[in-house]
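sequence unknown, structure follows:
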């Protein structure tokens with residue numbers, strides 16, 4: 001009995017230590033963004049919003065953030081439009097080559113993102129739209145679709161087919177069945193996939209850096225370029241904002257559908 005208690009509390013303590021270990025760099029980053037000094041320092045000597053104000057007054061960073069918002073939002077919408085029907089076909093049908101097709105759609109999760117970035121650049125160059133917003137959009141959709149497909153298929157796996165068959169027996173066509181029966185049931189997986197995809201687009205550097213220009217640069221690439229020549233608290237402030245956005249999306253997932261439902265795909 002004693003060893004069970006020690007094991008339970010020991011595992012709990014170890015888990016919290018791991019969480020703190022992972023969270024500590026983010027805490028240092030956020031704290032450093034509030035310093036009043038001209039250099040990165042932790043702990044900050046005094047509290048100030050100076051660097052956030054400088055960031056808000058920098059038109060180049062504002063433009064980059066706007067590019068990221070448009071890119072992530074549009075890519076998320078396209079990923080949902082393509083990914084949800086794909087997940088429905090793969091989950092509800094058995095046909096030759098299904099396993100190969102499923103692996104193909106999931107392959108962007110297995111390949112290094114930098115390889116995908118180079119491939120998109122070459123592909124766009126051959127078709128004549130390299131280093132444009134369309135090239136960025138295509139690249140982001142490629143890396144985002146697997147998240148939508150995986151979470152949607154997880155939700156579909158918990159939805160019995162006889163519910164859809166019953167709706168069709170009562171006169172509903174396939175489109176009506178999807179929007180009235182299937183989609184409301186798998187909504188948690190769809191929302192989770194969309195939000196996770198938005199995060200991946202928002203923080204992506206590898207695909208974006210090969211397809212951006214001086215006039216068309218997302219915020220992660222802007223940050224990457226900036227830190228090559230400048231190391232100051234402005235870097236911490238900009239990085240902290242990206243963390244705030246990612247945390248905000250996670251909190252939105254938890255508020256809308258719950259983290260547990262999002263991770264296991266249950267409706």
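That came through, no problem. Computed from a predicted structure; not experimentally measured.

And the host helix or strand of residue 185, how far out from the chain middle?
Assigned by DSSP states H and E, residue 185 belongs to helix 183-203. Averaged C-alpha coordinates place helix 183-203 at 8 Å from its chain's average position (Cα atoms, centre = their mean, to the nearest Å).

just checking, next helix/strand downstream of that helix?
helix 206-209.

which outside residues touch that following helix?
For helix 206-209, contacts defined as Cβ atoms under 8 Å, 6 or more residues apart in numbering pick out 112-114, 116-117, 120, 136, 139-140, 142-143, 217-218, 220-221, 224. C-beta here means a position set from N, CA and C on the backbone, and glycine is covered the same way.

Repeat the analysis, applying 6 Å as the threshold.
Contact with helix 206-209 is made by 113, 114, 116, 117, 139, 143, 218, 221, as judged by Cβ atoms under 6 Å, 6 or more residues apart in numbering.

what pLDDT does residue 266 get?
Per-residue pLDDT puts residue 266 at 50.

What is the burial count for residue 184?
As a burial measure, residue 184 scores 10 neighbours (other Cβ atoms under 10 Å).

actually residue 66, sorry about that
12.

now whichever strand or helix holds it against helix 183-203, angle please.
Per DSSP H and E, residue 66 falls inside helix 59-92. For helix 59-92 against helix 183-203, the angle by axes from the mean of the first three to the mean of the last three Cα atoms, to 10 degrees is 140 degrees.

Now the helix or strand following helix 59-92: buried residues?
Where DSSP H and E defines the elements, the next helix or strand beyond helix 59-92 is helix 98-106. For helix 98-106, burial by neighbour count (16 or more other Cβ atoms under 10 Å) applies to 102, 105.

One more: stretch 85-92?
Neighbour-count burial for stretch 85-92 flags 86, 87, 88, 90, 91 (criterion: 16+ other Cβ under 10 Å).

between the residues you listed, which is closest to residue 131?
Nearest to residue 131 among these: residue 86, at 28.2 Å, using Cβ to Cβ.

check contacts around the closest one.
Applying Cβ under 6 Å, 6+ apart to residue 86 gives the contacts residue 149.

State the distance from it to residue 161.
18 Å (Cβ to Cβ, to the nearest Å).

quick revisit: now the buried residues of stretch 85-92 as CSV including pLDDT and distance to residue 57?
As requested, the buried residues of stretch 85-92 are arranged in CSV below (pLDDT from 0 to 100; distance: Cβ to Cβ, whole Å):
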residue, pLDDT, distance to residue 57
86, 91, 44
87, 91, 44
88, 89, 47
90, 88, 48
91, 86, 49
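
picking that back up, in helices, which of the contacts of helix 206-209 fall?
Per DSSP state H, helices hold the following members of these: 113, 114, 116, 117, 139, 143, 221.

among the residues you listed, who's most crowded?
residue 139 (28 neighbours).

ok, that residue touching residue 122?
No - taking contacts as Cβ atoms under 6 Å, residue 139 lies outside contact range of residue 122: 11.5 Å.

For the helix or strand hosting residue 126, give me every contacting residue.
Assessed by DSSP H and E, residue 126 sits inside helix 113-127. Helix 113-127 is contacted by residues 130, 135, 139, 206, 207, 210, 211 when judged by Cβ under 6 Å, 6+ apart.

biggest separation within the residues you listed, which pair?
Among the contacts of helix 113-127, the pair separated by the greatest distance (Cβ to Cβ) is 130 and 206, at 16.3 Å.

which of the residues in the helix holding residue 126 are buried?
Those would be 113, 116, 117, 120, 121, 124, for helix 113-127 by 16+ other Cβ under 10 Å.
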